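A.B. asks: just coords:
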């Protein structure tokens, strides 16, 4: 029996004034660092927040020796080793169910991790290769069915995976490839910020009920060329990183976060002071792993890759961005 089965029981002056308020408010965001750092490679962490005091961090990137699960405890600000992983994980977001299990993904295999028993178990093996693309819960399935995007050699296929039975089927094809995307799921809608199309500067919206998908909003987002990350705070989606020096640099979008409104599809850039970037030309090509924690209104960030003039370094820092100044 799998671990999953075991655990189921006024006019111009007014406009100028408002603009100045928004700008000065945006300047209040700052990266605040913890004393704790990762002792080994932390360029490809995959986070999962359990809703309480724990953020689990899975190794990714299929890198040799990168098969560990760590735990960051919010209240104590500490990192500890939890358990080894079975196999190596691709850069696919971690999912968690209502029973505490977490799911991670190998090149062709889905695994579940039980944080109580601290063991990983294979759920199913797919015939199609899993690329570095997002996966999502079917919001109507009571944690039994997921959608896997960007499958196959084209990066366009979508599969439906029944976790309870280990079965899967092809269900749709996207109009564009999805590689290394940031994604945020809101109910049965998913917003993707894609690195598969370097010319795409819009959000990609997917309706899981109908599997209809299309671009939304104005083309004013930056081009995401590598691996951005995103979080949803209940009102807005925040996107960080995923840029490439090969496509030029722009300080406007490298030293801060983008705020995307899923209701209007509008976006704005918000500078963040003291990000772990060496100079004004530095960028995050692999964004830090990101988790939003509601009760403190913070985005917690872990590791990532920083690039300057094609020199890439792995980051071992842990920091947070407090969003409170945005809503004062």
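C.D. replies: Done, it's in. Because the structure is a prediction, the values reported are computed rather than measured. Numbers count the residues shown, from 1 in each chain.
A.B. asks: the residue lying closest to residue 84 once chain neighbours are set aside and residue 88, how far apart?
C.D. replies: In this structure, residue 84 finds its nearest non-sequential neighbour in residue 67, 5.6 Å apart by C-beta to C-beta, 6 or more residues apart in numbering. (Glycine included, C-beta is placed from N, CA and C.) Relative to residue 88, residue 67 is positioned 6 Å away (C-beta to C-beta, to the nearest Å).
A.B. asks: anything in contact with each of the two?
C.D. replies: Residues touching both residue 67 and residue 88 (C-beta atoms under 8 Å, 6 or more residues apart in numbering): residue 59.
A.B. asks: wait, residue 37 touches residue 315, no?
C.D. replies: No. The criterion here is C-beta atoms under 8 Å, and residue 37 misses it with residue 315 at 9.2 Å.
A.B. asks: the more surrounded of these two?
C.D. replies: residue 315 (21 against 13; other C-beta atoms under 10 Å).
A.B. asks: show the contacting residues for the residue most central in space within the chain.
C.D. replies: The centroid of the chain falls nearest to residue 229 when counting by C-alpha atoms, centre = their mean (3.9 Å). Residues near residue 229 by C-beta under 8 Å, 6+ apart: 182, 239-242, 287-290.
A.B. asks: quick check, pLDDT for the closest residue to it other than its chain neighbours.
C.D. replies: Once flanking residues are discounted, residue 229 sits nearest to residue 287: 4.0 Å by C-beta to C-beta, 6+ apart. Residue 287 carries a pLDDT score of 91 in this model.
A.B. asks: next one: residue 287 from residue 69, what distance?
C.D. replies: 20 Å.
A.B. asks: may I see the buried residues of stretch 40-58?
C.D. replies: 41-49, 55-58 (16 or more other C-beta atoms under 10 Å).
A.B. asks: pick out the most distant pair among these.
C.D. replies: Taking C-beta to C-beta as the measure, these span a maximum distance of 21.7 Å, between 41 and 49.
A.B. asks: hang on, isn't residue 260 packed against residue 217?
C.D. replies: Yes. Using C-beta under 8 Å, residue 260 is in contact with residue 217, at 7.5 Å.
A.B. asks: now the common contact residues for those two.
C.D. replies: In contact with both residue 260 and residue 217: 203, 266-267, using C-beta under 8 Å, 6+ apart.
A.B. asks: tell me which entries of the residues you listed lie within strands.
C.D. replies: Among these, DSSP state E puts 203, 267 in strands.
A.B. asks: make JSON lines out of the shared contacts of residue 260 and residue 217 and add distance to residue 306.
C.D. replies: Listed next are those as JSON lines, based on distance: C-beta to C-beta, whole Å:
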{"residue": "203", "distance to residue 306": "25"}
{"residue": "266", "distance to residue 306": "29"}
{"residue": "267", "distance to residue 306": "23"}
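A.B. asks: and the shared contacts of residue 260 and residue 217, which is the shakiest by pLDDT?
C.D. replies: Lowest confidence among the shared contacts of residue 260 and residue 217: residue 203, with 91.
A.B. asks: and that residue, how many neighbours?
C.D. replies: Counted with other C-beta under 10 Å, the neighbours of residue 203 add up to 25.
A.B. asks: contacts only, for it.
C.D. replies: 191-193, 215-217, 221, 260, 265, 267.
A.B. asks: partner residues bridging it?
C.D. replies: Following DSSP bridges, residue 203 is listed with bridge partners residue 216.
A.B. asks: start at 332, not 1
C.D. replies: Sounds good: first residue 332 from here, last item residue 534.
A.B. asks: now the spatially closest residue to residue 423 that is not a sequence neighbour: how far from residue 416?
C.D. replies: Counting by C-beta to C-beta, 6+ apart, the nearest residue to residue 423 once its immediate chain neighbours are dropped is residue 436, at 4.3 Å. Using C-beta to C-beta, residue 436 is found at 11 Å from residue 416.
A.B. asks: which residues do the two both contact?
C.D. replies: residue 442.
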